[in-house]
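Visitor: kindly generate the corresponding structure for this input.
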Amino acid sequence: MTMSKKELENKIVSVLKTIHDPEIPVDIYELGLIYEVKIDKENNVFIDMTLTSPNCPVAESLPKEVEDKTAAIEEVTSAKVEIVFDPPWDKSMMSEEAQLELGFL
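Guide: Numbering: from 1, shown residues only. Prediction:
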């Protein structure tokens, strides 16, 4: 049985929710650092993500972790992360759950 794009996207999001910014006790998905997950016909995955700041201490390791964990999903052919700073991240991009957890609500 092949997985639909939506099912694969949900599986990728589940994996992304296991990755945390080391300075903030919230996963990168809830933080709003993942802007877009694109999946082509061959199940190559392209993720646009940002960092809380360009000087983020994990600027090198975090995108690699996202790429590696996404590529490790059985149905994924390859994974590529593109770091973008447009639009710049700010705390309004966090999910309500993340804002609540960090005391912003």
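Visitor: when you work out contacts or count neighbours from here on, use the C-alpha atoms and nothing else.
Guide: Noted.
Visitor: and the residue nearest the centre of the chain, how far from residue 40?
Guide: Centroid-nearest residue in the chain: residue 34, 4.0 Å away (criterion: C-alpha atoms, centre = their mean). According to C-alpha to C-alpha, to the nearest Å, residue 34 stands 18 Å off from residue 40.
Visitor: verify the stated contact: the residue nearest to the centre of the chain with residue 46.
Guide: No. In this structure, residue 34 is not within contact of residue 46 by C-alpha atoms under 8 Å, at 10.9 Å.
Visitor: got the contact list for the nearest residue to residue 101 once chain neighbours are set aside?
Guide: The shortest distance from residue 101 to any residue other than its chain neighbours is 7.8 Å, reached at residue 26 (C-alpha to C-alpha, 6 or more residues apart in numbering). Counting by C-alpha atoms under 8 Å, 6 or more residues apart in numbering, residue 26 makes contact with 20, 98, 101.
Visitor: can you check residue 46 too?
Guide: Applying C-alpha under 8 Å, 6+ apart, the residues near residue 46 are 36, 37, 38, 39, 79, 80, 81, 82.
Visitor: are any of those residues buried, and which?
Guide: Listed as buried from the contacts of residue 46 are 39, 79, 80, 81; burial here means 16 or more other C-alpha atoms under 10 Å.
Visitor: and these as TSV, adding distance to residue 89 and secondary structure?
Guide: Formatted as TSV, the buried ones among the contacts of residue 46 follow (distance: C-alpha to C-alpha, whole Å; DSSP: H, G, I helix; E, B strand; the rest coil):
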residue	distance to residue 89	secondary structure
39	23	strand
79	22	strand
80	20	strand
81	16	strand
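Visitor: can you tell me how far the residue nearest to residue 101 is from residue 40?
Guide: 29 Å.
Visitor: which parts of the chain are strands?
Guide: 34-39, 44-49, 78-83 (DSSP state E).
Visitor: mind saving the C-alpha coords of the lowest-mean-pLDDT helix or strand in the chain as PDB?
Guide: One helix or strand of the chain scores below all others by mean pLDDT, DSSP states H and E: helix 96-101, with a mean of 92. Provided in PDB are the C-alpha atoms of helix 96-101 (Å, rounded to 0.1, in the frame of the first residue of the first chain):
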ATOM      1  CA  GLU A  96      -0.900  28.600  20.600                       C
ATOM      2  CA  GLU A  97       0.300  25.500  22.400                       C
ATOM      3  CA  ALA A  98       4.000  26.700  22.200                       C
ATOM      4  CA  GLN A  99       3.000  30.200  23.300                       C
ATOM      5  CA  LEU A 100       1.100  28.800  26.200                       C
ATOM      6  CA  GLU A 101       4.000  26.500  27.200                       C
END
